[in-house]
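1. Turn this into a model:
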Amino acid sequence: MGQAVQPAASSQPAWRAFAFLVLSTCSFAQLPPAPAPEPTVITVTGHATPVSSATASVTVLTREQIEASHADNVGDLLRQVPFLFLTQSGARGGLTTVTLRGGKPNFTLVMIDGIPVNDITNVLGGSYDFSNLSTDLVEQVEIVRGPLSSLYGSDAAAGVINIISRHGEGKARVEAGGMLGNFATRQGRLAASGKVGKFDYAFGGSYFDVGEQVYKDAFQLGTIGFQSHLTVGSRGVLRFLARYQNSHQTGFPTNGGGPEFSILRDPQSLHTNELVTGLEWRQQLNARWFYLLSADVFDRTQNSVIPAIYDSPTPNFLRSVPAETSDTDFRRLRANFSNSVKLAGNLTATLSTGWRREDGDSTGYVGPIPDSFHITRDTGDGVVALEYLTGALALNAAMRLDKADGFRAVYSPTVGGSYRLWERGPRLKSSFSRGFKLPSFYSLADRTVGNPLLKPEFSRSVEVGVDSDFFHGRLQSGLTFFRNDYRNLVDFSAEIFKLVNRSQAQTQGVEFSLNIPVSNRVEFGGHFSYLDWTLEQTTEPLRDQPHWRSGASLDWRITRRWRARAESLLVGRRYDFEVPVPNQPVAGGYATTNLVASYAFPSGVTAFFRAENLLNQHYHEFVGFPNPGIYARFGLTWRVR
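-> Predicted coordinates:
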């Protein structure tokens, strides 16, 4: 039986890989690269803004980066991204969640094209499982660190991840591909996009299947999506989008000790369907006035069969978790009306109002006891926002009011600014924001860990930072300090086996990044973040959060057709809790290294190879959940245009 806490020596190979990347980069000292077009970010303000002018801390993954990664799901894509922490319960298909700055997984709002997809009905309590999200038709991923409740309301208490879909452009284009790998991995993809007159379209789908990786942990995921735009007249655009995902996963339940320590050895089974649909009309009435009308629906159903979790072979039923079966159905309907008016010069005001209805059903059993609930919650909101933007100075302020059934009205402000000291010089930035999170339906009503007395959680964040560009683009760096204060923090208490409100918690830390575009063909990146925390009125630590995390990458365009990328990630140890082994409260630190290589043939065919966990094959992200080891796959993509 494996040991969950890894010895310190296990991370040495990754340190050697890190050193190799640094030395390799230094050997490629050549002419600086030509400047690339600067990406824009939509999530921070609700409309396209240059990344360098964003007052919040933001990371943007472009279409080029997504395609070059050859990642088959967004979880793979996010694992190596600086300044977020992704965890996966064991093998591919295991529960995969993201935390930002210590803010708990359900404090991260996840959106697809601005439509929230967090499910507040099932056991995740509002966090999103990224194992169910493929990279099909993904144009860009935007990660904003820090509360954004001023724009998006509840669930955005620590940050936002927005998945933006691809749109059609130019001549019709068809793309087909397939992939094979170890653990009986197989995948097929098909997509098409284009533009006909004033109508553009993009649709596609895929099927992914992986067999047993550690023990009884197979996973299947099917996805199909469509997005279109129709230009009406000279200033109106009608957009429609739909995305459907169906997954089936098996494996060991969270907190159950995994394949190493589970007493019953019975896996859970989860069958999930997700549907996102949206309709939007936007029109530029004149040079100063723009308005938008939108409506969308998110529907998620899940059938789950979760075995009992015993604390020992002769279980103490006060410390064990009973078996649970459930069928959940969660629906979120939203409507929004927004106006943006350019008041004068570079000053823009935005006024919007919205409504959402969240409806959750759960039917099942906890042990032999029926466990069912049905909750409906309506929320109305209004937002006032101001933005001032010039080449050197960016200022923004927003205030949002949310009123949900059964809770008091909540005000969520944001104020931020950034200023470039001189042309191509350092840019200083700072922001203050407040966020909130309403209790999930599951946390209020579940008979095992639910607590109907839970209050909303509140967050307050302050950050200051500087982004610098040295030697005419040869070296780019960023440094940010942050502090988050949480009130009424909802967390699991092992002492009473219930979800409870913590009176107060603080997280604070630093984020540092370094990017060296050595030449047109070679680019080196590195990052380091440190997180500290304080919890009051409890002796328990903050679970599943490392104090530090670092990484390095080397991207090499070997020739016009050959491209390779190596990336290493190092993560410190984390506090954990598994019912069968309460005396093992720590999951050891780990390191992992990935390699991706591709070659583009003149015929439009691209061959690629991706290998993960090359140097530290069996690390543990949770006690008792070993990583399955080296995961390699080879694939082909054929593009016709």
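2. Number of residues surrounding the residue nearest to G46 when sequence neighbours are not counted?
-> Take G46 and drop its neighbours on the chain: the residue closest to it by C-beta to C-beta, 6 or more residues apart in numbering is L151, 6.2 Å away. Where you see a C-beta, it was placed from the backbone N, CA and C, and this is true even at glycine. By other C-beta atoms under 10 Å, the residues close to L151 number 25.
3. Let me know the pLDDT of L151.
-> According to the prediction, L151 has pLDDT 93.
4. what does P368 give?
-> 87.
5. coming back round to it: list the contacts of the residue nearest to G46.
-> By C-beta atoms under 8 Å, 6 or more residues apart in numbering, the contact set of L151 is 45-46, 383, 385, 398, 400, 414.
6. So which of those sit within helices?
-> In helices, judged by DSSP state H, none of these are found.
7. Report the two members of these separated by the largest distance.
-> T45 and R400 (13.2 Å; C-beta to C-beta).
8. How about stretch 586-603, which residues are buried there?
-> 587-594, 596-598, 600 (16 or more other C-beta atoms under 10 Å).
9. Strands of the stretch 151-300 of the chain, start to end?
-> 159-165, 173-181, 185-196, 199-210, 219-232, 236-251, 268-284, 289-306 (DSSP state E, counting those that start in this stretch).
10. nearest residue to A295 other than its sequence neighbours?
-> A295 sits nearest to A335 (C-beta to C-beta, 6+ apart), 4.8 Å away.
11. Number of residues surrounding the one you found?
-> Neighbour count of A335, defined by other C-beta under 10 Å: 13.
12. What of G178?
-> Using other C-beta under 10 Å, G178 has 15 neighbouring residues.
13. Contact partners for it?
-> Residues near G178 by C-beta under 8 Å, 6+ apart: 186-189, 635-636.
14. ok, those vs S468, which is closest?
-> Proximity to S468 was ranked across these by C-beta to C-beta; first place goes to G635, at 38.5 Å.
15. any idea how far the closest residue to the closest one other than its chain neighbours lies from E358?
-> Computed as C-beta to C-beta, 6+ apart, the closest residue to G635 that is not its neighbour in sequence is M179, at 3.4 Å. With distances taken as C-beta to C-beta, to the nearest Å, M179 is found 37 Å from E358.
16. Pick out whichever of these two has more residues nearby.
-> A side-by-side neighbour count of M179 and E358, using other C-beta under 10 Å, places E358 first with 25 against 20.
17. Could you look up the SS state of that one?
-> At E358 the chain is in strand, as set by DSSP: H, G, I helix; E, B strand; the rest coil.
18. thinking it is in contact with R377, fair?
-> Yes. Counting by C-beta atoms under 8 Å, E358 touches R377, with 4.8 Å between them.
19. Out of the strands of the stretch 151-300 of the chain, which is the most enclosed?
-> strand 159-165 (a mean of 25; mean count of other C-beta atoms under 10 Å).
20. Please identify the pairing partners of it and their relative orientation?
-> Neighbouring strands of strand 159-165 in its sheet, by DSSP bridges, are strand 108-112 (parallel), strand 138-145 (antiparallel).
21. contact partners of the shortest one?
-> Right, strand 108-112. 43, 97-100, 116-118, 127-128, 130, 148, 152, 155-156, 158-163, 165, 243, 276.
22. give me the beta-bridge partners of E358?
-> Beta-bridge partners of E358, as defined by DSSP bridges: R332, R377.
23. do F622 as well
-> Beta-bridge partners of F622, as defined by DSSP bridges: F625.
24. now I161
-> Beta-bridge partners, per DSSP bridges, of I161: V110, I143.
25. Tell me who's in contact with it.
-> 78, 98, 108-111, 141-144.
26. any idea which of those residues is closest to Y291?
-> M111 (20.9 Å).
27. Tell me if I'm right that F226 and S193 touch.
-> No. The pair F226 / S193 is not scored as a contact, 10.3 Å apart, by C-beta under 8 Å.
28. any residues in contact with both of these two?
-> What both F226 and S193 touch, as defined by C-beta under 8 Å, 6+ apart, is the set 201-203.
29. does A597 have beta-bridge partners, and which?
-> Beta-bridge partners, per DSSP bridges, of A597: A564, F609.
30. Nothing else from me, thank you.
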